[in-house]
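Chemist: one predicted model, sequence on top.
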Amino acid sequence: MEHADRKAVATWLLTCCALVFAMVVVGGITRLTHSGLSIVEWAPIVGTVPPLSQEDWEEAFHKYQQTPEYQQVNKGMSLEEFKGIFWWEYFHRLLGRAIGVAFLLPLVYFAVRRRIDRPLAWKLIGIFALGGLQGVMGWYMVMSGLVDNPRVSQYRLTAHLGLAFLIYGAMWWIALDLLSPARPVGNPRFAGLKRFAYAITALVFLMVLSGGFVAGIRAGFAYNTFPLMNGRWVPPELFMLEPWYLNFFNNMATVQFNHRLIAWLLAVLVPAFWYLTRRAAVDPRAQLAAHALLGMLAIQIALGITTLLMRVPIALAAAHQAGAVLVFTCALWVSHELRRLAGSSYRSRLPAAQMIGNGQHP
């Protein structure tokens, strides 16, 4: 690919990343305001148009009144109150549609103009397929709250959140690839740091999933003390459910404990990683990424603690969800920088004759 093409495609992908970031934040607010079950139908095309007349609004409200959430939680809600929750869910779905269009149309343009090569095109098609799956997963999640229990399944919520992060991470990584290709032959002394960075990134993603379960069963409204959980490091309710494995998904104590435990691990591992990057004298760009990861993790932990102590106010909880995306962004960034420096995956692909001709040992 030409340099101009690489830059254009990377700019497009970074724009899509910004849209997905907004989607995650709006999705969090939609959940926190209990707006996610206000639209009871999935109409990807027709649903783009909101209610326009009084009759349309009354029809949408009547459908909502048949749901368990209205009957068990919001009985007696007025039409104006319904509009308040409707608009959050509508905007969330509209943003999802906008992301689909913002991704597909430029993809077709770049492909038709042959500004992307075939391997990259297949990667981008895969990301688009994940986006379609995300839309289906979103409706599958909503369906779980329209039957008997006026809450969506924590399993489906976590899958929905995890897919959003995978889509975001894939676009961010490819954009970094286009802007900062790996070196043909890197420095093997950075290989250990690269693996450390990959492990931290995986742990951050695991923390995101654990946060999905915290949100799904509203575990943030329990044990609103720190660093102890109601006076205990390990709450006695940790394994109160049978069979034991259900505690990891359904027990507020266990779910919140696991989320805290992962945060503690990152609070130890990320500063250690940062110190090792300083000692290894990585280049300024990789060091900047390590600084960003350390600083963003500190902010995210502070946001998490404050959100917990204040019993999950919407503004702080939304900021905490946004912070999770930024920590994930920084972890991927530093991983990519160290991959670029280590370059080990590229060395073995060079033909032996070419390596010798370049003064390298095969």
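Modeler: Perfect, thanks for sending it.
Chemist: where does pLDDT dip in the stretch 201-350 of the chain?
Modeler: Within the stretch 201-350 of the chain, the stretches with pLDDT under 70 are 344-350.
Chemist: if we go to 90?
Modeler: Along the stretch 201-350 of the chain, the model assigns pLDDT under 90 to residues 281, 340-350.
Chemist: and the helices in it?
Modeler: Taking DSSP state H, counting those that start in this stretch to define them, one finds helices in the stretch 201-350 of the chain at 247-250, 252-280, 284-309, 314-342, 344-347.
Chemist: mind naming the longest helix for this protein?
Modeler: Longest helix of the chain, by residue count under DSSP state H: helix 79-112.
Chemist: tell me the gap between it and the middle of its chain.
Modeler: Averaging C-alpha positions (C-alpha atoms, centre = their mean, to the nearest Å) puts helix 79-112 17 Å from its chain's average.
Chemist: give me the mean pLDDT for it.
Modeler: Helix 79-112 shows an average pLDDT of 96 in the prediction.
Chemist: then stretch 150-166?
Modeler: Computed over stretch 150-166, the mean pLDDT rounds to 96.
Chemist: and the longest helix of the chain, what's buried?
Modeler: Using 16 or more other C-beta atoms under 10 Å as the burial criterion, the residues of helix 79-112 that qualify are 82-83, 85-90, 92-93, 95-96, 99-100, 102-103, 106-107, 110. To be clear about C-beta, it is placed using only N, CA and C from the backbone, and glycine gets the same treatment.
Chemist: for residue 45, find the nearest of the helices of the stretch 201-350 of the chain.
Modeler: helix 314-342 (28.7 Å; C-beta to C-beta).
Chemist: what angle separates that closest one from helix 284-309?
Modeler: Here the directions of helix 314-342 and helix 284-309 differ by 160 degrees (axes from the mean of the first three to the mean of the last three C-alpha atoms, to 10 degrees).
Chemist: now helix 314-342: buried residues?
Modeler: For helix 314-342, the neighbour count (16+ other C-beta under 10 Å) marks 316-342 as buried.
Chemist: mind giving me the packing neighbours of that helix?
Modeler: Applying 3 or more C-beta pairs under 8 Å, 6 or more residues apart in numbering; DSSP states H and E, one finds that helix 314-342 makes contact with helix 3-32, helix 154-179, helix 191-216, helix 284-309.
Chemist: kindly reformat these as JSON lines containing distance to residue 131 and mean neighbour count.
Modeler: As requested, the helices and strands packed on helix 314-342 are exported to JSON lines (distance: least, C-beta to C-beta, whole Å; neighbours: other C-beta atoms under 10 Å):
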{"stretch": "helix 3-32", "distance to residue 131": "9", "mean neighbour count": "18"}
{"stretch": "helix 154-179", "distance to residue 131": "6", "mean neighbour count": "20"}
{"stretch": "helix 191-216", "distance to residue 131": "18", "mean neighbour count": "20"}
{"stretch": "helix 284-309", "distance to residue 131": "26", "mean neighbour count": "18"}
